[in-house]
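Enquirer: Sequence first, then the predicted structure:
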Amino acid sequence: MKSSITRREMLQTLGAGALAAPLLLSSGQSLASDALPQLDLNDPLAKALGYVHDTTKADAVKYKQHKPEQLCVNCKLVQGEAKEWMPCQLFPGKAVHMNGWCVGYVVKA
Ligand code: SF4
């Protein structure tokens with residue numbers, strides 16, 4: 001009696017699944033980063049690093065290295081495509097504002 005699914009059919013099915021899995025994961029990760037909560041200015045790490053949602057509000061007395069053209073959107077540590085709120089490597093699980101700034105700023109090369 002012949003099996004209802006041939007070895008070739010099974011391999012084709014597994015191959016298609018292997019190709020689809022990363023696409024599904026990628027799409028899920030994208031949705032997850034879109035849903036990240038905004039970084040709270042009262043977050044202890046945000047306060048420790050002088051994070052502000054608007055770079056013009058950075059403490060220029062305390063952070064002498066700050067320059068007005070330094071924005072989260074052009075920082076090397078921000079992740080993903082440019083949009084209003086983006087993930088940042090320094091604040092996992094939170095989104096920073098594109099016009100924000102913190103002392104961890106590193107210019108994109
Ligand atoms: Fe913004 Fe860069 Fe600081 Fe992250 S490390 S909050 S992207 S300035």
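Expert: Good, I have the coordinates. This structure is a prediction, so every number in the text was calculated from the model and none was measured.

Enquirer: Strands of this structure, residue ranges please.
Expert: Under the criterion DSSP state E, the chain carries strands at the ranges 85-87, 95-97.

Enquirer: The ligand is nearest to which of those?
Expert: Closest of these to the ligand is strand 95-97, at 4.3 Å (criterion: Cβ to the nearest ligand atom). (C-beta placed from N, C-alpha, C; glycine too.)

Enquirer: Would you confirm that Gly93 contacts Leu39?
Expert: No. Contact between Gly93 and Leu39 fails when scored by Cβ atoms under 8 Å: they sit 9.4 Å apart.

Enquirer: picking that back up, what's the most buried one of the strands of the chain?
Expert: With neighbours defined as mean count of other Cβ atoms under 10 Å, the strands of the chain peak in mean count at strand 95-97, which reaches a mean of 24.

Enquirer: before we move on, the earlier item: between Gly93 and Leu39, which has more neighbouring residues?
Expert: Comparing Gly93 with Leu39 by other Cβ atoms under 10 Å, the one with more neighbours is Leu39, at 24 against 10.

Enquirer: State the distance from Val107 to Cys72.
Expert: From Val107 across to Cys72, the span is 12 Å (Cβ to Cβ, to the nearest Å).

Enquirer: Comparing these two, which shows the higher neighbour count?
Expert: More neighbours surround Cys72 than the other of Val107 and Cys72, with 25 against 10 (other Cβ under 10 Å).

Enquirer: Next, count neighbours for the closest residue to the more buried one other than its chain neighbours.
Expert: Leaving aside its chain neighbours, Cys72 sits nearest to Gly100 (4.2 Å; criterion: Cβ to Cβ, 6 or more residues apart in numbering). A total of 28 residues lie near Gly100 under the criterion other Cβ under 10 Å.

Enquirer: All set now, cheers.
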